[in-house]
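Need the 3D shape of this:
(chains A, B, C and D)
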2 protein chains.
Amino acid sequence: MTTPEEALPSRLERACAERGLKMTGQRRIIARVLSEAADHPDVEEVYRRAAAIDAGISLATVYRSMRLFEEIGIIQRHDFGDGRARYEEARGDHHHHLIDIETGEVVEFQDPELEAAVTRIARHLGFDMIGQRLEIFGRRIQRKGPETA
Amino acid sequence: MTTPEEALPSRLERACAERGLKMTGQRRIIARVLSEAADHPDVEEVYRRAAAIDAGISLATVYRSMRLFEEIGIIQRHDFGDGRARYEEARGDHHHHLIDIETGEVVEFQDPELEAAVTRIARHLGFDMIGQRLEIFGRRIQRKGPETA
DNA sequence: TTACTTGCAAAGGTTTTGCGACGTT
DNA sequence: AACGTCGCAAAACCTTTGCAAGTAA
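Numbering: from 1, shown residues only, chains lettered A, B, ... in the order given. The predicted structure is shown next:
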């Protein structure tokens, strides 16, 4: 029994192929896991998801793939302050992250005014901006009834 | 021969004392090293500077102090993408960092418009902003003569 | 076939920790 | 005296890598 999605190469798999990478079974699966992820998994988590599809994938290969994918720019690495790298597919859009300090939930956002400010600041300091990274740490505003403060 | 500055407790030393921490010689020296740092040293570098003042300080103690100081909020930890934590004293001011990707130089900056945008974004997403962190990676704009492009 | 990729296990770099001794309060 | 702190060395963690075997092109 073959699941239908195995037939369609993932966005990342296509990106790999375009760059002439050898498409091994492992690479394909890791690419698919990343393409299908809606969150920001760490390496261990990518490994878990990949191993669930094919147990014959080693952690070393996942590490190697993440590094490779990042180097060729098809995924992005993030640091959300928990000591390990977190990844997501590099789609075209430029966005930042707001991390809920109570749940760890990550919300992505984008803001033109912010972009403008950052570009302006870099130029003002005498730099061409190559990259940027903003994380906001916050706590969800509760709008329950009044608590006896 | 006693250097005059040994007599004056550093800003961080005072902050420690205020919170009732035991002021050991090591703690005092590490606090002073951090208070006097104008850059963003990593733990190894703080260790080097502290050991230069008193060789009887261990790396473990520096690690323990950094963690402690960070927990009580008197220093700030940063990640500039080089794999280890970098620190600076938490002065009152809120600022961000621009990292020169060619030299590693770190420029601090502050910008009201940026702050306003970030606060607005957090609120708009339904969060109270607890903290934020922005790093811009850039390359210095050269204004030499035209190069044969 | 050839060059790239893999798995395994060992090693690397950073940070933490158990423990007995020591120092501050 | 009591408790926190220290140094040392071991270990925990995440990540990288050497090597021999396997595989895509």
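
A:A51 against A:E44, yeah?
No: A:A51 sits out of contact with A:E44 when judged by Cβ atoms under 8 Å, with a separation of 10.4 Å. Heads up, the C-betas are built off the backbone N, CA and C, glycines and all.

which one of these two has more residues nearby?
Legend: neighbour count by other Cβ atoms under 10 Å in any protein chain shown for A:A51 and A:E44, higher for A:A51 (16 against 11).

what's near enough to touch the closest residue in space to that one that isn't next to it in sequence?
Computed as Cβ to Cβ, 6 or more residues apart in numbering or on different chains, the closest residue to A:A51 that is not its neighbour in sequence is A:I57, at 5.5 Å. Contacts of A:I57 were listed using Cβ atoms under 8 Å, 6 or more residues apart in numbering or on different chains, and they are A:26, A:29-30, A:47, A:50-51.

Would you mind giving the secondary structure of A:I57?
Here A:I57 is coil, with the state taken from DSSP: H, G, I helix; E, B strand; the rest coil.

For it, give me phi and psi.
Per-residue torsions, A:I57: phi -130, psi 130 (degrees, to the nearest 10).

what does A:I101 give?
Note on A:I101: its backbone torsions stand at phi -70, psi -10 [degrees, to the nearest 10].

Report how many residues lie close to it.
The burial metric for A:I101, expressed as a neighbour count using other Cβ under 10 Å, is 16.

which residues touch the residue nearest to the spatial centre of chain A?
In chain A, the C-alpha nearest the mean C-alpha coordinate belongs to A:E88, at 1.4 Å (Cα atoms, centre = their mean). Residues in contact with A:E88 (Cβ under 8 Å, 6+ apart) are A:34, A:37, A:39-40, A:75-76, A:78.

Pull out the buried members of these.
With neighbours counted by 16 or more other Cβ atoms under 10 Å in any protein chain shown, the contacts of A:E88 contain buried members at A:34, A:37, A:40, A:75-76, A:78.

Sort out for me which of those are in strands.
Counting by DSSP state E, the part of the buried ones among the contacts of A:E88 found in strands is A:75-76, A:78.

Report the entries of those that also contact DNA strand D.
The residues of these that also fall near DNA strand D, by Cβ under 7 Å from any atom of the strand, amount to none at all.

Dump these to JSON lines, plus distance to B:R84 and pLDDT.
Formatted as JSON lines, those follow (distance: Cβ to Cβ, whole Å; pLDDT from 0 to 100):
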{"residue": "A:I75", "distance to B:R84": "23", "pLDDT": "95"}
{"residue": "A:Q76", "distance to B:R84": "21", "pLDDT": "93"}
{"residue": "A:H78", "distance to B:R84": "17", "pLDDT": "92"}
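
any idea which of these is closest to DNA strand C?
Minimum distance to DNA strand C across those is 14.8 Å, recorded for A:I75 (Cβ to the nearest atom of the strand).

domain ranges for chain A?
With domains defined by automatic domain parsing, chain A comprises A:11-89, A:96-138.

The shortest one near DNA strand D at all?
No: counting by Cβ under 7 Å from any atom of the strand, no contacts exist between domain A:96-138 and DNA strand D, the nearest distance being 14.1 Å.

What average pLDDT does that domain get?
Per-residue confidence for domain A:96-138 averages out to 93 on the pLDDT scale.
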